[in-house]
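Novice: this one's sequence-less:
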């Protein structure tokens, strides 16, 4: 209920307008921790894709349907909260690494999707994870954005 209330306070009428009021727009690079904060605060489904083709050419609903019988950690996408939980549990240095080198996610889509059970629609953000060979640990850290 609190998430719905928080969602209703955002400016705009469409998911894209509401997310735009937070600086979440297609093509923008955002810190994975900021996206997790949005998911937790506003009840937005934030999905991280590992495969560029799926992220750019398919709807989230069609990808969800195709991989509905695949385990969470075998799919070409994962919910931001699950990704961060798994990473934090398996890498004790993850938090320090994120402070030094924020993991920046490219926003591919902002929209609405139906829940898995076919029920109500929920706002969602689809982001593309960087490829490992694209991560430059020698570069200065990018500007990170957080909700405060």
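Specialist: On my side now, so go ahead. Bear in mind the structure is a predicted one, so any value in this text is a computation, not a measurement.
Novice: what's the burial count for residue 36?
Specialist: 18 (other Cβ atoms under 10 Å). C-beta here means a position set from N, CA and C on the backbone, and glycine is covered the same way.
Novice: end to end, how far does stretch 72-91 reach?
Specialist: Chord length of stretch 72-91, first to last residue, is 19 Å (Cα to Cα, to the nearest Å).
Novice: buried set for that stretch?
Specialist: Judged by neighbour count (16 or more other Cβ atoms under 10 Å), stretch 72-91 contains these buried residues: 75, 76, 77, 78, 79, 80, 83, 84.
Novice: list the ones among the residues you listed that fall in strands.
Specialist: Secondary structure defined by DSSP state E assigns 77, 78, 79 of those to strands.
Novice: I'd like those residues written out as TSV, with distance to residue 50 added.
Specialist: As requested, these are exported to TSV (distance: Cβ to Cβ, whole Å):
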residue	distance to residue 50
77	7
78	8
79	13
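Novice: quick check: end-to-end length of stretch 98-109?
Specialist: Start-to-end, stretch 98-109 (Cα to Cα) is 24 Å.
Novice: report pLDDT for the residue at minimal distance from the centre of the chain.
Specialist: In the chain, the residue lying closest to the centroid (Cα atoms, centre = their mean) is residue 46, at 3.5 Å. Looking at residue 46, its pLDDT reads 96.
Novice: before we move on, what about residue 144?
Specialist: Value for residue 144, per-residue pLDDT: 50.
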